[in-house]
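K.L.:
I need the structure of the sequence given here:
(one chain, ligands or ions: 1)
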Amino acid sequence: MSILIDVSNLSFSFGKGELTQSVLKNITISIYKGEIVLMTGPSGSGKTTFLTIIGGLRQASTGSVKVLDEQLINSSEQVKVKVRKQIGYIFQQHNLIRSLTALQNVSMTLEMHQGLSERERLNRAAKMLQDVKLGDRLHYKPEQLSGGQRQRVSIARALVGQPKIILADEPTASLDKQSGQEAVNILKQLAKESGVTILLVTHDYRILDIADRIVALEDGVIKPA
Ligand SMILES: Nc1ncnc2c1ncn2[C@@H]1O[C@H](COP(=O)(O)OP(=O)(O)OP(=O)(O)O)[C@@H](O)[C@H]1O
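P.N.:
Numbering: from 1, shown residues only. Sure thing, here's the model as predicted:
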């Protein structure tokens, strides 16, 4: 099986000199194609920091971080952009644009995919929203949707560009048990159908059963969960 995320001896600190705070300490982990990996760990243990480095959203300088065969340590902006284009992101707060409908929020992501006409973008976005069971909510704005529905719009937005990797940061944190489980179950089903790899950070123990593998980050160190 191919390795999509290959991290070895990654260390990362915030601040300089006496104020240096070491957040990730010598992390080594490989994540395979199609795998769903959940990363748990107490608040402040470095989970979000780790995710943003993997996603090419934060620069690290120590160790090796290969994502989709690109080295992200001390990488150029060009390399980071190339990697980012192949990743779908899901955040705790859905980060949808309030003035746009569900359909517009999802189709907007496809604007950076060259060569698709507006009609094709809208068709793909509508199909994706049907897949997350929101076919009857295409023209609703975020505030007209429930928390779980909004999070499913962000799942559709993350998947519509056919990414190789999904990075999700506490996607169920603001949802009740049922909506949270519904959202991650849909995510899992769609990911397995298309072979997408998922790295999901959470301290929601109610969703651990969607994982193929669970790892724990404690004090910047990875431990088997
Ligand atoms: N931009 C920043 N500048 C300085 N320190 C930061 C910054 N971002 C995070 N930190 C610190 O790094 C540590 C790890 O933060 P991080 O957000 O990665 O943890 P987390 O495990 O995701 O926590 P949570 O589960 O609460 O989201 C924390 O102690 C935090 O205060």
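K.L.:
and stretch 69-82, which residues are buried?
P.N.:
Neighbour-count burial for stretch 69-82 flags L72, I73, S75, K80 (criterion: 16 or more other C-beta atoms under 10 Å). C-beta here means a position set from N, CA and C on the backbone, and glycine is covered the same way.
K.L.:
Pick the one among these closest to the ligand.
P.N.:
Minimum distance to the ligand across these is 16.6 Å, recorded for L72 (C-beta to the nearest ligand atom).
K.L.:
Test for you: state the pLDDT assigned to that closest one.
P.N.:
In this model, L72 is scored at 97, pLDDT.
K.L.:
same check, this time on H94
P.N.:
pLDDT recorded at H94 is 69.
K.L.:
same deal with the one 5 residues further on?
P.N.:
Listed pLDDT for S99 reads 96.
K.L.:
Does it touch M108 like I think?
P.N.:
No - S99 sits out of contact with M108 when judged by C-beta atoms under 8 Å, with a separation of 11.5 Å.
K.L.:
Show me which of these two is the more surrounded one.
P.N.:
M108 (16 against 9; other C-beta atoms under 10 Å).
K.L.:
Reduced to three states, what does the closest residue in space to the more buried one that isn't next to it in sequence come out as?
P.N.:
Excluding its sequence neighbours, the residue lying closest to M108 (C-beta to C-beta, 6 or more residues apart in numbering) is L100, at 7.0 Å. When classified by DSSP: H, G, I helix; E, B strand; the rest coil, L100 comes out as coil.
K.L.:
Look at L100 and say how many residues are nearby.
P.N.:
The number of residues near L100, taken as other C-beta under 10 Å, comes to 14.
K.L.:
repeat for Q151
P.N.:
Residues contacting Q151 under the criterion other C-beta under 10 Å number 31.
K.L.:
Next: the one 5 residues further on.
P.N.:
Taking other C-beta under 10 Å as the neighbour definition, A156 ends up with a count of 29.
K.L.:
show me the contacts for the closest residue to it other than its chain neighbours.
P.N.:
Spatial nearest neighbour of A156, excluding adjacent residues (C-beta to C-beta, 6+ apart): M128 at 4.3 Å. Counting by C-beta atoms under 8 Å, 6 or more residues apart in numbering, M128 makes contact with V106, A156, L159, V160.
K.L.:
Unless I misread the structure, M128 falls within a helix.
P.N.:
Yes - assessed with three-state DSSP, M128 lies in a helix.
K.L.:
Can you tell me how far it is from the ligand?
P.N.:
Here M128 is placed at a distance of 28 Å from the ligand (C-beta to the nearest ligand atom, to the nearest Å).
K.L.:
pLDDT score for that residue?
P.N.:
On the pLDDT scale, M128 is placed at 96.
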